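**Q** Using only what follows, build the 3D model:
(one chain, ligands or ions: 1)
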Amino acid sequence: MASIHIDGLTKVYPGDVTAIDGLDLTVADGSFFALLGPSGCGKTTLLRTIAGLEEATGGSIHIGEREVTRLSPGDRNVAMVFQDYALFPHMSVTDNIAYPLRIKKVGRSERAAKAVETGEGLGLSALMDRRPGELSGGQQQRVALARAMACQPDVFLLDEPLSNLDARLRLEARTFLKRLQRDLAVTTVFVTHDQSEALAMADQIAVMEAGRIRQLGTPSEIFRRPANTFVANFIGSTPMNMLRGELRGGKLHVGDREPVDAVAAGWAGADTRDGAVTVAFRPEYARVDEPGSLSFEGEVETSENLGASVLITARTHDDHRVQAVVPEGSEPEAGEAVRVTPVPGRVLVYDEDGELLAS
Ligand code: ATP
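**A** Numbers count the residues shown, from 1 in each chain. Model (predicted):
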């Protein structure tokens with residue numbers, strides 16, 4: 001087991017494409033760490049550079065006390081599970097799991113014993129003689145994990161580990177993977193572009209944009225207090241309400257409504273610099289027809305069923321659109337007049353550069 005320390009890491013691909021741009025990161029020993037971000041932000045490059053499959057252009061990577069920046073993948077004691085699992089189609093499950101041990105020149109009987117033991121731990125005992133083509137997506141994923149685990153690596157690197165599974169299996173596999181990671185307590189970094197996956201599984205999440213980390217935090221920190229409007233827009237299953245406004249003398253001015261005391265409006269902040277701001281709150285942290293000093297009166301345009309709750313979109317008299325998630329059964333009808341009010345303490349205020357004003 002080991003932590004990962006990354007200092008000033010840069011990766012420039014031929015053609016002058018900067019995929020990783022002076023990135024610093026520490027992944028704590030034994031933690032389950034997600035790299036999250038939009039397509040092209042450099043997640044896979046970062047994972048592959050930790051694995052040694054891409055050579056760093058600058059900076060350093062340590063695993064535990066050991067600097068591994070220039071070591072070959074085989075010398076880093078990391079195991080990577082690829083998106084497509086990369087199993088050998090002509091080999092049985094046993095041989096697939098034992099393959100890395102064969103490369104390490106472990107003896108035949110010890111290899112087989114280790115494969116059986118690891119397969120058992122992952123519920124594969126009845127499938128050990130099958131070939132990958134005779135397995136479901138979820139079973140193939142377990143074989144790929146077993147193959148990675150058999151070597152007892154210091155670090156697991158998982159590239160979109162659940163993307164090949166159908167929606168239902170993916171939910172089961174999430175729970176399974178989280179339990180497995182907790183039981184093994186091996187430092188694990190996984191790449192995903194699916195924020196719900198990162199929020200559900202990870203201990204820590206790094207949200208990336210253009211080769212840099214825009215926020216690092218626990219799932220609840222990232223969800224509740226996005227550090228900038230990029231993260232605020234990226235995270236959440238429904239888009240954050242964002243309204244242009246101004247902060248002046250501790251009062252928030254939004255649209256044509258009366259200026260309201262920022263703290264009374266539900267902002268937990270204390271930074272009262274004057275200037276243009278974005279006032280933001282999640283639809284999940286909005287209430288309908290409850291009093292509050294900052295509220296948005298308007299008419300319901302649409303309501304979308306989310307299962308146990310309903311997302312309503314209201315158009316305000318001063319032409320803003322605000323959304324609120326309300327329990328199913330209590331939703332107002334389209335055309336009905338409503339007042340949407342953010343929950344106290346859940347209003348976020350961003351400055352002109354999109355950075356969260358400190359509380
Ligand atoms: P996705 O979610 O789409 O897989 P990602 O966040 O994993 O994206 P990367 O695959 O790491 O992003 O790519 C980061 C940047 O580097 C992108 O601009 C991509 O086009 C570029 N890139 C990736 N691989 C190469 C390569 N082999 N040669 C040149 N540019 C590359």
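
**Q** Can you point out the helix or strand that includes residue 35?
**A** strand 32-36 (DSSP states H and E).

**Q** Neighbouring strands - and their directions - for that strand?
**A** Taking DSSP bridges as the criterion, strand 32-36 forms sheet pairs with strand 187-192 (parallel), strand 204-209 (parallel).

**Q** what about the last one, near the ligand?
**A** Read it as strand 204-209. No: using C-beta under 6 Å from any ligand atom, strand 204-209 stays clear of the ligand, with a minimum separation of 6.9 Å. Just so you know, the C-beta spots here come from the backbone N, C-alpha and C atoms, and that holds for glycine as well.

**Q** mind listing what the one residue in the stretch 51-200 of the chain that gets nearest to the ligand touches?
**A** The nearest approach of the stretch 51-200 of the chain to the ligand comes at residue 193, 4.7 Å away (C-beta to the nearest ligand atom). If you count contacts by C-beta atoms under 8 Å, 6 or more residues apart in numbering, residue 193 has them with 36-39, 43, 160.

**Q** Return the closest of the residues you listed with respect to residue 316.
**A** Checking the contacts of residue 193 against residue 316 with C-beta to C-beta, the nearest one is residue 38 at 29.8 Å.

**Q** Can you pull the residues of the chain lying near the ligand?
**A** 13, 15, 17, 19, 37, 39-45, 193.

**Q** now residue 298, what's its secondary structure?
**A** strand (DSSP: H, G, I helix; E, B strand; the rest coil).

**Q** Provide a list of residues in contact with residue 338.
**A** Contacts of residue 338 by C-beta under 8 Å, 6+ apart are 288-289, 297-300, 312, 314, 332.

**Q** and with 7 Å instead?
**A** 288-289, 298, 300, 314, 332 (C-beta atoms under 7 Å, 6 or more residues apart in numbering).

**Q** same question, residue 24
**A** Contacts of residue 24 by C-beta under 7 Å, 6+ apart are 6-8.

**Q** What strand or helix carries it?
**A** strand 17-27.

**Q** Report the buried residues of that strand.
**A** 18-21, 23, 25, 27 (16 or more other C-beta atoms under 10 Å).

**Q** Sheet-wise, list the partners of that strand with their directions.
**A** strand 4-13 (antiparallel).

**Q** Off-centre distance for the strand it pairs with?
**A** Relative to its chain's centre, strand 4-13 lies at 20 Å (C-alpha atoms, centre = their mean, to the nearest Å).

**Q** Quick check: mean pLDDT of that strand?
**A** Taken as a whole, strand 4-13 has a mean pLDDT of 98.

**Q** How about it, which residues are buried there?
**A** For strand 4-13, by 16+ other C-beta under 10 Å, it's 4-7, 9-11.

**Q** How far does stretch 75-90 sit from its chain's centre?
**A** With C-alpha atoms, centre = their mean, you get 22 Å for stretch 75-90.

**Q** which one of the contacts of residue 24 is nearest residue 52?
**A** Taking these together and measuring to residue 52 by C-beta to C-beta, the closest member is residue 6, at 13.2 Å.

**Q** Can you tell me how far the closest one is from the ligand?
**A** According to C-beta to the nearest ligand atom, to the nearest Å, residue 6 stands 15 Å off from the ligand.

**Q** what residues are up against that residue?
**A** 23-25, 59, 61.

**Q** quick check: longest helix of this protein.
**A** Longest helix of the chain, by residue count under DSSP state H: helix 167-184.

**Q** name the helices or strands packed onto that one?
**A** helix 137-150, helix 195-201 (3 or more C-beta pairs under 7 Å, 6 or more residues apart in numbering; DSSP states H and E).

**Q** how about 8 Å then?
**A** strand 32-36, helix 137-150, helix 195-201 (3 or more C-beta pairs under 8 Å, 6 or more residues apart in numbering; DSSP states H and E).

**Q** buried set for it?
**A** Under 16+ other C-beta under 10 Å, the buried positions of helix 167-184 are 169-170, 173-174, 176-178, 180-181, 184.

**Q** Centre of the chain to that helix, how far?
**A** 15 Å.

**Q** now swap in stretch 105-116 and tell me
**A** 36 Å.

**Q** could I get it in PDB with only the CA atoms?
**A** Below are the C-alpha coordinates for stretch 105-116, written out as PDB (Å, rounded to 0.1, in the frame of the first residue of the first chain):
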ATOM      1  CA  LYS A 105       7.900 -16.000 -13.400                       C
ATOM      2  CA  VAL A 106       5.900 -17.300 -10.500                       C
ATOM      3  CA  GLY A 107       5.700 -21.200 -10.600                       C
ATOM      4  CA  ARG A 108       2.800 -23.000 -12.200                       C
ATOM      5  CA  SER A 109       1.100 -24.400  -9.100                       C
ATOM      6  CA  GLU A 110       1.500 -21.200  -7.100                       C
ATOM      7  CA  ARG A 111       0.000 -19.300 -10.000                       C
ATOM      8  CA  ALA A 112      -3.000 -21.600 -10.200                       C
ATOM      9  CA  ALA A 113      -3.500 -21.500  -6.400                       C
ATOM     10  CA  LYS A 114      -3.400 -17.700  -6.400                       C
ATOM     11  CA  ALA A 115      -5.800 -17.500  -9.400                       C
ATOM     12  CA  VAL A 116      -8.300 -19.800  -7.600                       C
END
